[in-house]
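*Asks:* Okay, here's the prediction I keep looking at, along with the sequence it came from:
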Amino acid sequence: MGDVISTHLDENRRLFISERTGKILDEFFQFYEEQYPLALFNKIRYEVEDNGGPQPQLLQRKTPLKDKIIFSGNLYQYLEVNRRWKNRYFVIRDDYSVAYYDGKVNFDRGASPKGLINSAGYKVLNTMDQYLELINSSMLGIKGKASSSPFLKLPTEYCTILWHPYGHHHYFCVISEKEQQKWHAVFQDCVRHLNNGLPEDCKVETPAFSDAVRLYRQSKDQYGTWEMLCGNQIQITTNLVMEELLPELAAMIYPKLKGKLHDRQKDWILITEAVQKMVQVQTKVRYEAVLQKCEAARSGLESRIRPDLDQIISSKEHVANKLRVFVMPKAEACVRNKVQPCISSILDALMGPTSGGFSEVRDLFFKEIVEINKNILNEEGKQKLGEYMEKLSLLPYHPVKMQSCYKQLEQLQPQLKELQQRFEFSSPAVFVQRGQILLREILDNAVYTFEQLLHQSLGNSPEKGQVCQTIQRIQERVLKKYDYDSSTVRKKFFREALLQITIPYLLKNLSASVNTALPKFQEFIFEDFSKFILVDNIFEEVVLQSVAKDIMLAVKEAAVQRKHNLFRDSIVMSGSDPNLLLLGEVQNINWNNEMANEESSNPASGSEKRRRMKQVMSMIQDDGILRPYEVDMVTDVKQIAEVEEVGSSGSSEPCSPVKSPDSVKEIRDLLTIGKIETTVANTAEDTSMTNGMVCQDEIVPESNPSGETQNELPQNCQESVQSSLECDLSPSAAEHIENRTSSSVIAFNEVSDESNQEKAKEGSRPETSPISFAP
């Protein structure tokens, strides 16, 4: 690897990369420094003139998933250094960074991770064919003799690959298709979150940077959405440089690559990764210097804007009126002939999948609340409410349960594909990911609102039957607020998507006839206001005004149609629930602590409290699936039996990890033995499951009463649950809720030795009770 990089990236070529990067950064940051004062002016103006919009009815969580782990487990990872596969323990934290360790023992001891993966800009692939297709399409200039050997030897057929056009490629393997699908969902969540754009709470830096990127790319005749606008400012700027620099390097290096086709492609991947690291270091230093310079000038700019705000606004309107007279006739003609006939078709393509996704989220929330209500009736009542609510709070971030909602939005890809060529936008994936983020956000708002209302209602410590009725009443209240916010969010999403598709198309068609005349409008701007009034930005605003009326009218007409379930613009629920807004100032509720405080006053609940003191989180339940660590630890049938004896004895000592096999042949041989292990485990009726944990204690939850419990419940409680099931659920959905004996998430609770002995005396085998989520 080192020889390849040193051969093709010698001192002369490194000097060329540094100089070329510097020139691109000079040009880009010139745009940034121009946009920064304008963004500051817009922020101050909106603070003064802001009239507000529709007020959301649902509360918003201040600190979602703070200090929590989303998912953890074991994967086989390919190491480029020694070209071997190694079993690693992966942890996805609340910031969606992926950390990996040599084993779970190292993680439990607080050791530093072996590495971190920032998945911004990556694509998650599940087959080698998909990967090779991307490789070949991104390296069209590489020619060579095809190799009979595979690009990479995989220990199993179930692989997951993270592909980046400029960064390091990551290769993983698991031992079952089900496990592959779950890790694919987890990595997709990481990519989706980190591709969500820059933080909106930065009212100056974010719009200044976004406008600078757009104007810079338009100066290179590149219009429309950009797939690589993901990550933080340094990552986005690095992608901007690599987009321009890499083709120049390819023309120099491609002819000098040697070997067969796959060897040349691997060498080019290593070279690209090395160049990206060089560019990123240089970009970071330059960005921090420019940002510091702009921040230093901010106070002086504010002192110039605030006293003359009215004069600056008047001067801008004067220039806009003159520019509108020149541009508007051409823009309206282009809109009338090329854009307006397509607005309805674009909106139809957006509305179906988007409305389906929000409807799926509503159903998911409803089903989870109904299941909580049923569990409270059928089990210990209020005692387990804290456990259920902790799991409900993580529902929007559950990588598997949310898949059905996300898949609805994925239908945008084929529907927008037909319009992609006409309007020349880069990829529908930008709109898909944005829509999926909105689904997660609104579900999190609904869950948080439900938590706050329930916590307020439980202050009087109601009985089990009253708790069920309270939950049902709050559920109906939250769903009404969800319907209103869902309509508002969807209409905003439709308008933004239509503008992102049509505006770049109009700018590209008008630029040839308008750009040469724009500089003469600069003379109408006073020199003192020239930093806050830019002709290029006013030109874009005029073009937006030319099409905004048609877009607003199209969305308004669509809201009248019942099939999309949208509220009309005349229905405004601003400040309809002021008491609820006061709850929004409350911090996140720790339900386990809340319920534990109540149980401490009841001596009978002491054993239950001790049973829940320690919990091991497993985000996803697997039925009869071998883990990579199981393959490492078990080498023959005799050892399998020994491991089962240790597990059944309830020992709390951690299992010592065995050295991971590195060669593909060793792993495949062990997989064969792994199949034998599955058969033996099933024969022994061992149902203990983990999520990549090295070992775990035997679980002995309290046994559930027979099915006759339901008939002994109070009549009013049974009617409450029955009405919940009938109000919004279809028969198939209700049947689905009744049959959910195997949830996608389980929590394993550590049980005291005293409880184990009592179960052994009764002769009952410990059972794991499926729960909807694990804190």
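*Replies:* Yep, it's here.
*Asks:* For the helix ranked longest in the chain, name the packing helices and strands.
*Replies:* Longest helix in the chain by number of residues, with DSSP state H as the criterion: helix 464-514. Where contact means 3 or more C-beta pairs under 8 Å, 6 or more residues apart in numbering; DSSP states H and E, helix 464-514 is packed against helix 309-334, helix 340-378, helix 412-423, helix 429-457, helix 535-560, helix 715-728. No exception for glycine: its C-beta is placed from N, CA and C like everyone else's.
*Asks:* what's the angle from it to helix 535-560?
*Replies:* 130 degrees (axes from the mean of the first three to the mean of the last three C-alpha atoms, to 10 degrees).
*Asks:* from the helices and strands packed on helix 464-514, which stretch is densest packed?
*Replies:* Comparing the helices and strands packed on helix 464-514 by mean neighbour count (mean count of other C-beta atoms under 10 Å), helix 429-457 comes out on top with a mean of 22.
*Asks:* mind listing the strands for the stretch 1-150 of the chain?
*Replies:* 69-79, 84-93, 98-101, 115-117, 123-125 (DSSP state E, counting those that start in this stretch).
*Asks:* Ok, which of those comes nearest Thr283?
*Replies:* strand 115-117 (19.0 Å; C-beta to C-beta).
*Asks:* From what I see, Ile208 and Lys43 are in contact.
*Replies:* Careful, residue 208 is Ala; it's not Ile. No. Judged on C-beta atoms under 8 Å, Ala208 makes no contact with Lys43 at a distance of 9.8 Å.
*Asks:* Of the two, which one has the most company?
*Replies:* Ala208 (25 against 16; other C-beta atoms under 10 Å).
*Asks:* Run through the neighbouring helices and strands of the helix or strand where the more buried one lies.
*Replies:* Here Ala208 sits within helix 205-219, counting by DSSP states H and E. The contact analysis (3+ C-beta pairs under 8 Å, 6+ apart) places helix 205-219 against helix 11-49, helix 233-253.
*Asks:* Repeat the analysis, applying 6 Å as the threshold.
*Replies:* The contact analysis (3 or more C-beta pairs under 6 Å, 6 or more residues apart in numbering; DSSP states H and E) places helix 205-219 against helix 11-49.
*Asks:* tell me the angle of the helix it packs on relative to helix 205-219?
*Replies:* Using the same axes, to 10 degrees, helix 11-49 lies at 120 degrees relative to helix 205-219.
*Asks:* Show me what helix 11-49 packs onto, helices and strands only.
*Replies:* Taking 3+ C-beta pairs under 6 Å, 6+ apart as the contact cut, helix 11-49 packs with helix 205-219, helix 233-253, helix 261-305.
*Asks:* What segments of the stretch 101-250 of the chain are helices?
*Replies:* Counting by DSSP state H, counting those that start in this stretch, the stretch 101-250 of the chain has helices at residues 104-108, 128-138, 177-194, 205-219, 233-253.
*Asks:* returning to that earlier point: with respect to Leu246, which of the helices and strands packed on helix 464-514 lies nearest?
*Replies:* Evaluated over those, closeness to Leu246 peaks at helix 429-457, with 20.6 Å, by C-beta to C-beta.
*Asks:* Taking their axis directions, that closest one and helix 464-514 sit at what angle?
*Replies:* On the basis of the same axes, to 10 degrees, helix 429-457 is oriented at 150 degrees to helix 464-514.
*Asks:* ok, back up a step: columns distance to Pro428 on top of the helices and strands packed on helix 11-49, output as a markdown table?
*Replies:* A markdown table is the format used below for the helices and strands packed on helix 11-49 (distance: least, C-beta to C-beta, whole Å):
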| stretch | distance to Pro428 |
| --- | --- |
| helix 205-219 | 19 |
| helix 233-253 | 19 |
| helix 261-305 | 26 |
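*Asks:* Would you mind saying which of the ones you listed lies nearest Ser355?
*Replies:* helix 205-219 (28.0 Å).
*Asks:* Can you list the buried residues in that closest one?
*Replies:* 205-218 (16 or more other C-beta atoms under 10 Å).
*Asks:* among those residues, which two are most distant?
*Replies:* Of all pairs in the buried residues of helix 205-219, the most separated under C-beta to C-beta is Glu205 and Gln218 at 20.5 Å.
*Asks:* related to what we said a few turns ago, could you export the helices of the stretch 101-250 of the chain as CSV, including mean pLDDT and distance to Thr21?
*Replies:* Converted to CSV, these look like this (pLDDT from 0 to 100; distance: least, C-beta to C-beta, whole Å):
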stretch, mean pLDDT, distance to Thr21
helix 104-108, 93, 37
helix 128-138, 89, 21
helix 177-194, 93, 23
helix 205-219, 95, 14
helix 233-253, 94, 5
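*Asks:* what bits of this structure have low per-residue confidence?
*Replies:* For the chain, residues meeting the criterion pLDDT under 70 lie at 1-2, 50-54, 65, 144-148, 380-383, 459-464, 563-565, 568-775.
*Asks:* TSV for the helices of the stretch 101-250 of the chain, including distance to Tyr32?
*Replies:* As requested, these are exported to TSV (distance: least, C-beta to C-beta, whole Å):
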stretch	distance to Tyr32
helix 104-108	40
helix 128-138	28
helix 177-194	22
helix 205-219	4
helix 233-253	9
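*Asks:* between those, which gets nearest to Ile161?
*Replies:* The nearest among the helices of the stretch 101-250 of the chain, by C-beta to C-beta, is helix 128-138 at 4.9 Å.
*Asks:* which residues sit against the closest one?
*Replies:* Residues outside helix 128-138 that contact it (C-beta atoms under 6 Å, 6 or more residues apart in numbering) are 125, 161, 163, 265.
*Asks:* can you rerun that using 8 Å?
*Replies:* Applying C-beta atoms under 8 Å, 6 or more residues apart in numbering, the contact partners of helix 128-138 are 123, 125, 150-152, 154, 159, 161, 163, 165, 265, 269.
*Asks:* quick one: it to helix 261-305, angle?
*Replies:* 70 degrees.
*Asks:* Now do helix 128-138 against helix 233-253, angle only.
*Replies:* Going by the same axes, to 10 degrees, helix 128-138 makes 70 degrees with helix 233-253.
*Asks:* Give me the number of neighbouring residues for Gln466.
*Replies:* Gln466, neighbours per other C-beta under 10 Å, totals 17.
*Asks:* Likewise for Lys277?
*Replies:* 14.
*Asks:* same question, Gln60
*Replies:* Count around Gln60 with other C-beta under 10 Å applied: 13.
*Asks:* which residues does the nearest residue to it once chain neighbours are set aside contact?
*Replies:* Spatial nearest neighbour of Gln60, excluding adjacent residues (C-beta to C-beta, 6 or more residues apart in numbering): Asn445 at 5.5 Å. Counting by C-beta under 8 Å, 6+ apart, Asn445 touches 56, 58-61, 485.
*Asks:* ok now do the closest residue to Val327 other than its chain neighbours, which residues does it touch?
*Replies:* Distance criterion C-beta to C-beta, 6+ apart; nearest residue to Val327, sequence neighbours excluded, is Val542 at 5.0 Å. Residues counted as contacts of Val542 (C-beta under 8 Å, 6+ apart) are 320, 323-324, 327-328, 331.
*Asks:* Lys322 is in contact with Phe539, correct?
*Replies:* No. Contact criterion C-beta under 8 Å: Phe539 and Lys322 do not qualify, at 11.5 Å.
*Asks:* bridging residues for the closest residue to Leu152 other than its chain neighbours?
*Replies:* Spatially, and ignoring its direct neighbours in sequence, Leu152 is nearest to Tyr171 (6.4 Å; C-beta to C-beta, 6+ apart). Tyr171 forms beta bridges with Ile161, as assigned by DSSP bridges.
*Asks:* isn't Tyr171 right up against Cys159?
*Replies:* Yes. At 6.8 Å, Tyr171 and Cys159 qualify as touching, with contact defined as C-beta under 8 Å.
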